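Colleague: model this:
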Amino acid sequence: MRRSLFDNLANGFIPLVTVVCLGYVFSSTAAQLVKEWGNDTFSHSFLVPPLAALIAWHRLAGKKIDSRPSHWGFALVALSLAALIVSELSTFRHLAYWAMLGVLLGLSLVYFGRAFARAIAISFFFLLFAVPFPLMFYNALSLNLKLLSSTLGASILGLLGYSVFQDGNIIDLGSYQLQVVEACSGLRYLFPLMCFAFLVAYFVRDRFWKKVAVFLSSVPIAIGMNALRITFVGITVGLWGPAAAEAFVHYFEGYIVFFLCLAVLMFVTYLVLLIPPRGGFAWDYLALPQEKLLVRPSFKSLPGVATLAVTLGVAALFLGGVFAQRSAGTPLLTGLAQFPLSIGDWRGAPGSMKEPILKALELTDYWMADYARKSGDATPVNLYIAYYASQQIGKAAHSPSTCVPGGGWAIERSEEINVPVKTGAQSRAMPLVKMVIRSGAQKQIVYYWFDERGRTITSQAEAKWYLLVDSLLLNRSDGALVRLTTPLPDGEKEEEADRRLQDFLAAALPIIESRIPGR
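Modeller: Below is the predicted model of the structure:
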């Protein structure tokens, strides 16, 4: 009796404590993931977990699977927790999202075995549709899709006999200029449609190549429908004028286009199923399974105990605040509020950011000012420095390419360049990123780089790598972003704007670097 009671307590204690500890270490990750699902592009993600659970239920219902705990499950949990630690140190949040999925798969192997994990592998794969892309990849994909949609829309309008001129993501219709911004890239249709197409392809009972065809058809459907939307805007301008076009854009920018995409996808699926030999559709998946679940977990095993031990260790690190502050020995930054307004022949006018933006950025210190030559040059250079004494997930220097689209600007071009800078008797090549951005008829040139503990870095991925290395070796995570911006007025050549930025950079760089610690 006592032995049986002890076994029952052990069987209940091991998974309970393990799950509680994992819930604690992944709590902020899960909260941020749900927050990202609030974005229109990823709002379909709320449906993914329950649908994945329904698929798993169907896969397991009525099947008796022997639970043989796998040591591979412990290895996967340990590897996922290591990835979570790397995510915390490098502030690469998306790695924590993937680590959370890895832990779920690892626990299924630990408590239920490989046969169980194989049976519901499709559900774990489907969960990937609920994980957003990293912003650096998302923005690059959005930029390419915007250009493709603009080109297709302009080409169709030209074939229909409309007078149209395309300049990047701007389609000039004469009386109306349509800017294909982030919301018009098609990603808000593409990601949900691919998710739905995966479900449809899985429910199709036919040859594998037909499943692949149904799934892949979602890509041209989303892009083509978005291009047609742009085309209809052009037609609306020609028939009823710019005011009607604005109303059309607003009305057809959301669910209506997506439902049209769904209709086309279902029609394509119908056509594919007609190809001999004809297949069918698993309608039974639309109802709850009637059979009982016969799987019995095995909690009291060596992999289960080992998983509990490593989970307790990681939870202790988080509870002890090991990842909260890692720059106690970093010299404090001389207040950026005392940054000079007079730099050579440049004179500055200080600016400020609104409280909600400051609260979201969680900066340690920052400087923002517009500088113009005292000779009377009316075109200024905006200098922005964002400094973080301790970079953490959600509180770190990030690339302007991730926030420029959110401000209503479209990135026309982005490239890494080396700018020759002469400071005193010394000259050197300064690596930085140059962006050309546009909002309507306005254009700007942006230079930026990361100053990470004495290093000049142009890549967000490289910045996160060195943040991980320095967090481990130096216990430091301080860093800064430096950004220069200048307008590109009508009639001014891009080379002139470049020259203005580079002249200011040569004058201000020594002061900028002297204010950021670590050099």
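Colleague: can you pull out the helices in the stretch 101-250 of the chain?
Modeller: Assigned by DSSP state H, counting those that start in this stretch, the stretch 101-250 of the chain shows helices spanning 114-119, 121-127, 135-159, 187-203, 208-216, 218-240, 242-251.
Colleague: Tabulate those helices (TSV), appending mean pLDDT and distance to residue 486.
Modeller: C-beta here means a position set from N, CA and C on the backbone, and glycine is covered the same way. Below are those laid out as TSV (pLDDT from 0 to 100; distance: least, CB to CB, whole Å):
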stretch	mean pLDDT	distance to residue 486
helix 114-119	90	56
helix 121-127	94	45
helix 135-159	75	21
helix 187-203	90	30
helix 208-216	94	44
helix 218-240	80	31
helix 242-251	59	30
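Colleague: For residue 505, find the nearest of those helices.
Modeller: Closest approach to residue 505 among those (CB to CB): helix 135-159, 24.2 Å.
Colleague: Which of the residues in stretch 354-368 are classified as buried?
Modeller: 361, 363, 364, 365, 366, 367, 368 (16 or more other CB atoms under 10 Å).
Colleague: Doesn't the second one belong to a strand?
Modeller: No - according to DSSP: H, G, I helix; E, B strand; the rest coil, residue 363 belongs to no strand; its state is coil.
Colleague: tell me the SS of residue 431?
Modeller: strand.
Colleague: Check what pLDDT residue 302 gets.
Modeller: The model reports residue 302 with a pLDDT of 87.
Colleague: right, and the helix or strand after the worst-scoring helix or strand of the chain on mean pLDDT?
Modeller: Using mean pLDDT, DSSP states H and E, helix 242-251 stands out as the lowest-scoring helix or strand of the chain, at a mean of 59. Per DSSP states H and E, the first helix or strand lying C-terminal to helix 242-251 is helix 255-274.
Colleague: chain center to that following helix, what's the gap?
Modeller: Distance of helix 255-274 from its chain centroid, counting by CA atoms, centre = their mean, to the nearest Å, is 28 Å.
Colleague: Mind giving me the packing neighbours of it?
Modeller: helix 187-203, strand 204-205, helix 208-216, helix 218-240 (3 or more CB pairs under 8 Å, 6 or more residues apart in numbering; DSSP states H and E).
Colleague: The stretch 401-519 of the chain: helices as residue ranges?
Modeller: All helices of the stretch 401-519 of the chain, identified by DSSP H, counting those that start in this stretch, fall at 460-473, 494-515.
Colleague: Including distance to residue 341 and mean neighbour count, could those helices go into a markdown table?
Modeller: Converted to a markdown table, the helices of the stretch 401-519 of the chain look like this (distance: least, CB to CB, whole Å; neighbours: other CB atoms under 10 Å):
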| stretch | distance to residue 341 | mean neighbour count |
| --- | --- | --- |
| helix 460-473 | 29 | 18 |
| helix 494-515 | 11 | 17 |
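Colleague: Can you say which of those is nearest to residue 274?
Modeller: For residue 274, the closest of the helices of the stretch 401-519 of the chain is helix 460-473, at 46.2 Å, according to CB to CB.
Colleague: residues making contact with the closest one?
Modeller: Identification of contacts with helix 460-473 by CB atoms under 8 Å, 6 or more residues apart in numbering yields 86, 89-92, 136, 326, 391, 396-399, 401-402, 450, 452-453, 455, 457, 476-477, 479.
Colleague: try it again with 10 Å
Modeller: Residues from elsewhere that reach helix 460-473 (CB atoms under 10 Å, 6 or more residues apart in numbering): 85-92, 95, 134-136, 323, 326-327, 390-391, 396-399, 401-402, 433, 449-455, 457, 459, 476-479, 481, 518.
Colleague: The residues you listed, buried ones only, as a PyMOL selection?
Modeller: A single PyMOL command selects the buried members of these (16+ other CB under 10 Å):
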select buried, resi 85+86+87+88+89+90+91+92+95+134+135+136+323+326+327+390+391+396+397+398+399+401+433+449+450+451+452+453+457+459+476+477+478+479+481+518
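Colleague: rewinding a little: including distance to residue 57, could the helices of the stretch 101-250 of the chain go into JSON lines?
Modeller: JSON lines is the format used below for the helices of the stretch 101-250 of the chain (distance: least, CB to CB, whole Å):
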{"stretch": "helix 114-119", "distance to residue 57": "11"}
{"stretch": "helix 121-127", "distance to residue 57": "9"}
{"stretch": "helix 135-159", "distance to residue 57": "32"}
{"stretch": "helix 187-203", "distance to residue 57": "14"}
{"stretch": "helix 208-216", "distance to residue 57": "21"}
{"stretch": "helix 218-240", "distance to residue 57": "25"}
{"stretch": "helix 242-251", "distance to residue 57": "39"}
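Colleague: domain ranges for the protein?
Modeller: Domains of the chain are assigned by automatic domain parsing as 2-132+294-319, 135-286, 336-515.
Colleague: Pull the distance from the shortest one to the chain's centre.
Modeller: Looking back up the chat, that one is domain 135-286. 21 Å.
Colleague: go on, the first one?
Modeller: In terms of CA atoms, centre = their mean, the centre of domain 2-132+294-319 is set 23 Å apart from its chain centre.
Colleague: One more: the longest one?
Modeller: How far domain 336-515 lies from its chain's middle: 22 Å, per CA atoms, centre = their mean.
Colleague: neighbours of residue 75, just the number please.
Modeller: The tally of other residues near residue 75 (other CB atoms under 10 Å) stands at 16.
Colleague: which residues does it contact?
Modeller: Contact analysis of residue 75 by CB under 10 Å, 6+ apart lists 106, 109, 110, 303, 306, 307.
Colleague: try 8 Å this time
Modeller: Going by CB under 8 Å, 6+ apart, residue 75 touches residue 106.
Colleague: can you state the direction angle for the helix or strand hosting it and helix 460-473?
Modeller: If you go by DSSP H and E, residue 75 is part of helix 71-90. Orientation note: helix 71-90 sits at an angle of 100 degrees relative to helix 460-473 (axes from the mean of the first three to the mean of the last three CA atoms, to 10 degrees).
Colleague: Please enumerate the strands of the stretch 351-500 of the chain.
Modeller: Along the stretch 351-500 of the chain, counting by DSSP state E, counting those that start in this stretch, strands occupy 365-373, 381-388, 410-423, 426-439, 442-452, 455-457, 479-487.
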